[in-house]
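no sequence on this one, just coordinates:
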């Protein structure tokens, strides 16, 4: 595990008070924890701008389960040569609608292309992709 | 299932050409499909601005599995009185790190509060929440 | 001017190295400056979630200057009772197209409603709103 | 000016009703107008993902006008060889704080780099960049 380093920073009184109030509301145990989260989030956003970065993604798809062949096409797309599907979850959210959450690993650029193709499939009503950068 | 209605719209030549090129790249079968997706996405974004709207959310959490008590706290938080956890997935993404994807149902406002509290937990390194509006 | 307070935080070695590399690339003079910016940005995003918060907004509008009555309607909308237009800039960006940047002050919720109405005007091709929280 | 083309699309009854309600609230004159806006917005988002695309940007900067040399540094940065500043607006928003809105033209990638450098300047408290794709 990484060694911790002690860093001193200076912050305006007023800014610090507001920040303390916010992180208290969120439930943080201390400022270090909260500031580390801000730093990690900033680095992650930087990394996700880069199409060649590694990421884990969750693609959400809401679809009508009566759509013929959709399930098969979804499965085929998941067997892309550029991406590695980790797992998927399937949830019934209404009479006709299912939600499928597909977790996969790959380059940011390839994941976005894949997400576009999945959302474009006939029968898919809503799609969204969420990325988390990995090292 | 909903009846389909036929709608006529007028679009500039140049705009239509660019749109056709984009949706072809994405793999859409036809324009209707692509335009319906734009409409659904627009409605969903509108709905998610409203804290009282119903939504399904996936909360992503990357955490160090050596963190004592984190798993227990995560479980406790999921048993909130305002939200209903649907399911969760757990994935090992490195020597120390795990990714947990928690699917839950509830009001947009409650989900965001819950996500804030989860991300603030000691040991959680990265957190992100993704929302999909439901009817 | 606000007094500065000295705060000590602990950060993992590896995380700190990556952060130092990023802020060096961005041109920050030191870590305090960069971390203060992360804190301000976090607080601002929190504030902008709240419809009743005060904000300054820039609404960008690309429109065809041949559109009859558009200029007049834009002007009328800017004289809303809930918002205060500060100033606007007008730029020619092509044969037919103009870009208008309208700066205004008001509550987040009112600004969003106004932006929706402006973007919906006949002749407006593209619209975007950008918010900055004020105290 | 571009010729208009007539396009027929089919949309589910329920979806259409919700869409009509939304665009009526926003003030759209008709569906064509609203759908064209969705198409333009989608194309613009696609274009802005590409660092080599042309864009117009507004960089917002809130800064303390007591900061020595900041104004000069802001001016120097605006005279980059890769970007063309179109104009800028300056607004007093408090005892110490000014808001500067800088409009510039250039490639998406160059604009983002410039925005990073401006936000990193000592004395700059908040910064945000907003992009609009141009042809």
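Happy to help now that I have it. Keep in mind the model is a prediction, meaning the values are calculated, not measured. Numbering: from 1, shown residues only, chains lettered A, B, ... in the order given.

how about stretch A:110-129 and chain B, any contact?
Yes. Interface with chain B: stretch A:110-129 contributes A:116, A:117, A:119, A:120, A:121, A:122, A:124, A:125, A:126, A:127, A:128 (C-beta under 8 Å from any C-beta of the partner chain). Backbone N, C-alpha and C define where each C-beta goes, glycine included.

same thing with stretch A:68-79?
No. Using C-beta under 8 Å from any C-beta, we find that stretch A:68-79 stays clear of chain B, coming within 9.3 Å at best.

what do you get for stretch A:23-33?
Yes. Under the criterion of C-beta under 8 Å from any C-beta, chain B is reached by stretch A:23-33 at A:23, A:25, A:26, A:27, A:28, A:29, A:33.

give the next helix or strand downstream of the worst-scoring helix or strand of chain A on mean pLDDT.
Within chain A, judged by mean pLDDT, DSSP states H and E, the helix or strand with the poorest mean is helix A:70-78; its value is a mean of 82. For helix A:70-78, the succeeding helix or strand toward the C-terminus, using DSSP states H and E, is strand A:84-92.

tell me what that next one is packed against?
When contacts are defined as 3 or more C-beta pairs under 8 Å, 6 or more residues apart in numbering or on different chains; DSSP states H and E, strand A:84-92 packs onto strand A:97-107, strand B:84-92, strand B:97-107.

flag every buried residue along the lengthiest helix in chain A.
The residue-count maximum for a helix in chain A (DSSP state H) belongs to helix A:31-48. Buried positions in helix A:31-48, judged by neighbour count with 16 or more other C-beta atoms under 10 Å in any protein chain shown: A:31-44, A:46-48.

quick one: name whatever helix or strand follows it.
Using DSSP H and E, the first helix or strand after helix A:31-48 is strand A:54-64.

can you tell me if that following strand touches chain B.
Yes. Remark: strand A:54-64 sits within contact range of chain B at A:56, A:58, A:60, A:62, A:64, by C-beta under 8 Å from any C-beta.

for the least confident helix or strand of chain A, list every residue counted as buried.
Judged by neighbour count using 16+ other C-beta under 10 Å, the buried positions of helix A:70-78 are A:70, A:73, A:74, A:77, A:78.

dump those residues to JSON lines, plus distance to chain C.
Listed next are the buried residues of helix A:70-78 as JSON lines, based on distance: C-beta to the nearest C-beta, whole Å:
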{"residue": "A:70", "distance to chain C": "34"}
{"residue": "A:73", "distance to chain C": "34"}
{"residue": "A:74", "distance to chain C": "34"}
{"residue": "A:77", "distance to chain C": "32"}
{"residue": "A:78", "distance to chain C": "32"}
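
could I get these as a markdown table with distance to residue C:101?
Putting the buried residues of helix A:70-78 into a markdown table (distance: C-beta to C-beta, whole Å) gives the following:
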| residue | distance to residue C:101 |
| --- | --- |
| A:70 | 44 |
| A:73 | 44 |
| A:74 | 43 |
| A:77 | 42 |
| A:78 | 44 |
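
show me the shaky parts of chain A.
A:1 (pLDDT under 70).

for it, which residues are neighbours of chain C?
Counting by C-beta under 8 Å from any C-beta, the positions of chain A adjacent to chain C are A:2-16, A:18-19, A:22, A:31-32, A:35-36, A:38-40, A:42-43, A:46.

other residues contacting stretch A:12-26?
For stretch A:12-26, contacts defined as C-beta atoms under 8 Å, 6 or more residues apart in numbering or on different chains pick out A:11, A:31, A:34, B:116-117, B:119-120, C:2-5, C:7, C:36, C:39-40, C:42-43, C:46.

could you redo the last one with a cut-off of 10 Å?
By C-beta atoms under 10 Å, 6 or more residues apart in numbering or on different chains, the surrounding residues in contact with stretch A:12-26 are A:10-11, A:28-31, A:33-35, A:37-38, B:113, B:115-121, C:1-5, C:7, C:36, C:38-40, C:42-43, C:46-47, C:135, D:125.

how about the residues of chain A near chain D?
By C-beta under 10 Å from any C-beta of the partner chain, the residues of chain A that approach chain D are A:12, A:15, A:46, A:49, A:51, A:109, A:112, A:116, A:125.

just give me the neighbour total for the last one.
So the one you mean is residue A:125. Look at residue A:125: counted by other C-beta atoms under 10 Å in any protein chain shown, it has 20 neighbours.

quick one, the helix or strand hosting it and strand B:54-64 angle?
Assigned by DSSP H and E, residue A:125 belongs to strand A:124-133. Computed by axes from the mean of the first three to the mean of the last three C-alpha atoms, to 10 degrees, the angle separating strand A:124-133 from strand B:54-64 equals 20 degrees.

what angle separates strand A:124-133 from strand B:97-107?
On the basis of the same axes, to 10 degrees, strand A:124-133 is oriented at 140 degrees to strand B:97-107.

give me the angle between strand A:124-133 and helix A:70-78.
Relative orientation of strand A:124-133 versus helix A:70-78 (the same axes, to 10 degrees): 30 degrees.

domain boundaries for chain A, per the record?
Taking automatic domain parsing as the reference, chain A has its domains at A:13-48, A:54-133.

which ones are touching residue A:99?
Counting by C-beta under 10 Å, 6+ apart, residue A:99 touches A:60-63, A:89-93, A:126, B:56, B:58, B:86, B:103, B:132, B:134.

again with residue A:55
Residue A:55 sits next to A:44, A:47-48, A:104-112, A:129-134 when contact means C-beta under 10 Å, 6+ apart.

likewise residue A:96?
A:63, A:64, A:65, A:66, A:67, A:125, B:1, B:2.

touching, residue A:64 and residue A:100? I think so.
No. Here residue A:64 does not reach residue A:100: they are 11.8 Å apart, not a contact under C-beta atoms under 10 Å.

list just the nearest of the residues of stretch A:110-129 next to chain B to residue B:82.
Nearest to residue B:82 out of those is residue A:128 (C-beta to C-beta; 22.8 Å).

rewinding a little: check the residues of stretch A:23-33 next to chain B and tell me the two furthest apart.
The most widely separated members of these, counting by C-beta to C-beta, are A:25 and A:33 (14.1 Å).

did I read that right, residue A:94 in a strand?
No. Assigned with DSSP: H, G, I helix; E, B strand; the rest coil, residue A:94 falls outside any strand and is coil.
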